[in-house]
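A.B. asks: below are the sequence and a predicted model for it; my questions follow.
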Amino acid sequence: MCPYDSPAMFFAGATAAFAIRGTFQSGLDRSLGSSFCVGIQTEQFLDQNGRELWGMVRKPKGIADLMKNLSRVDVMLDTNLSNRSWWEGQDLSPRDRAKLYFGPRIFPSEPRAFRSVPSGPNLFFGSMDGRRGSVIEQLAGMNVKVLPRGTYGTKLEGELNAAGTVMNIHFDEGIYTEAPRLLTAYLAGKPIRSEMLGDPFVKGVHYIEIEGCITENAQVIYDAFSQLVTEELSFASFIRSAFAEING
């Protein structure tokens, strides 16, 4: 049985994951049951080129707690495809290894409408730690609005409603994807302005480059992102595929 309420959040040291407990319809006239527990691991250990990011893999307590949480869920989705090689090097039981899935498969299956405000700011929310502050300083004149750390709920929703784009700036240099921020942007109907993201997201196709101009193509880019995430990266499709594999 899943030891967490739904929705819940648990922390494995510096490694955060979400645990969701509930009954998921499989599309096969069967359900996974009320005790089925899905863990979502959102930290980046490695970037797309295999570069280690901010020492996450060298924190023994965090890794130990992550392994403990893996043992307590039915399946775990690691949202960073590049973490796969790290997991392959871990000494896992066959049972725990079979629980692992990869990729930012956390999006809705139904498209969300484009809601960019042409005169709105390029909105950044989250920690300003790492290199983010210096990057934002270099974007002077671009109408960047930085929200105070800890802006959540209705306050964040209001700021998102008035925004033109959502800014995504990496904590550390590399090619990787902050999937939770992309999800927040998409649920608000905002195109994403970002530094280089990992596969399958393509600059100029699915997101606007960090210093790029918003043109009449903003909706085209947003629509391409929407098609990709709803058709290939939805949480519903992940649950269906996990269920199919678990049940043969």
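C.D. replies: That came through fine. All of these numbers come straight from a predicted model, not from anything done at the bench.

A.B. asks: give me every residue that touches the residue nearest to Asp223 when sequence neighbours are not counted.
C.D. replies: In this structure, Asp223 finds its nearest non-sequential neighbour in Phe114, 7.0 Å apart by CB to CB, 6 or more residues apart in numbering. For glycine as for every other residue, the C-beta is placed from the backbone atoms N, C-alpha and C. Taking CB atoms under 8 Å, 6 or more residues apart in numbering, we find Phe114 in contact with 189, 191, 219, 222-223, 226.

A.B. asks: need the helices for the chain, in chain order.
C.D. replies: 60-72, 84-88, 94-97, 132-137, 153-161, 179-187, 218-232, 235-246 (DSSP state H).

A.B. asks: now the fourth one: mean pLDDT?
C.D. replies: Same thing as helix 132-137. For helix 132-137, mean pLDDT is 91.

A.B. asks: ends of stretch 158-167, how far apart?
C.D. replies: 16 Å (CA to CA, to the nearest Å).

A.B. asks: buried residues, it. List them.
C.D. replies: 159-160, 163-167 (16 or more other CB atoms under 10 Å).

A.B. asks: for stretch 139-149, same thing?
C.D. replies: Per 16+ other CB under 10 Å, stretch 139-149 contains these buried residues: 139, 144, 146-147.

A.B. asks: and these as JSON lines, adding distance to Leu197?
C.D. replies: Listed next are the buried residues of stretch 139-149 as JSON lines, based on distance: CB to CB, whole Å:
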{"residue": "Leu139", "distance to Leu197": "17"}
{"residue": "Val144", "distance to Leu197": "19"}
{"residue": "Val146", "distance to Leu197": "20"}
{"residue": "Leu147", "distance to Leu197": "21"}
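
A.B. asks: for the most centrally placed residue in the chain, give me its contacts.
C.D. replies: Residue closest to the mean C-alpha point of the chain, counted by CA atoms, centre = their mean, is Ala179 at 1.8 Å. Going by CB under 8 Å, 6+ apart, Ala179 touches 42, 79-80, 104, 106.

A.B. asks: may I have stretch 72-87 exported as CSV, CA atoms only?
C.D. replies: Output in CSV follows, covering the C-alpha atoms of stretch 72-87 (Å, rounded to 0.1, in the frame of the first residue of the first chain):
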residue,chain,number,x,y,z
ARG,A,72,7.8,1.9,-1.3
VAL,A,73,6.1,2.7,-4.6
ASP,A,74,4.6,0.5,-7.3
VAL,A,75,6.2,2.5,-10.2
MET,A,76,8.6,5.5,-10.3
LEU,A,77,8.7,7.9,-13.2
ASP,A,78,12.0,9.8,-13.5
THR,A,79,11.2,12.9,-15.5
ASN,A,80,14.8,13.3,-16.8
LEU,A,81,15.6,10.9,-19.7
SER,A,82,19.3,11.5,-19.1
ASN,A,83,19.2,10.0,-15.6
ARG,A,84,18.7,6.6,-17.1
SER,A,85,22.4,5.9,-17.3
TRP,A,86,22.8,6.7,-13.6
TRP,A,87,20.0,4.3,-12.7
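
A.B. asks: is it correct that Leu100 is in contact with Leu81?
C.D. replies: No. Using CB atoms under 8 Å as the test, Leu100 is too far from Leu81 to be in contact (11.8 Å).

A.B. asks: could you find the closest non-adjacent residue to Glu209?
C.D. replies: Closest to Glu209 by CB to CB, 6+ apart is Lys203, at 5.4 Å.

A.B. asks: which residues does the one you found contact?
C.D. replies: Lys203 touches 194, 196-197, 209, counting by CB under 8 Å, 6+ apart.

A.B. asks: 10 Å instead?
C.D. replies: 194-197, 209-210, 212, 221 (CB atoms under 10 Å, 6 or more residues apart in numbering).
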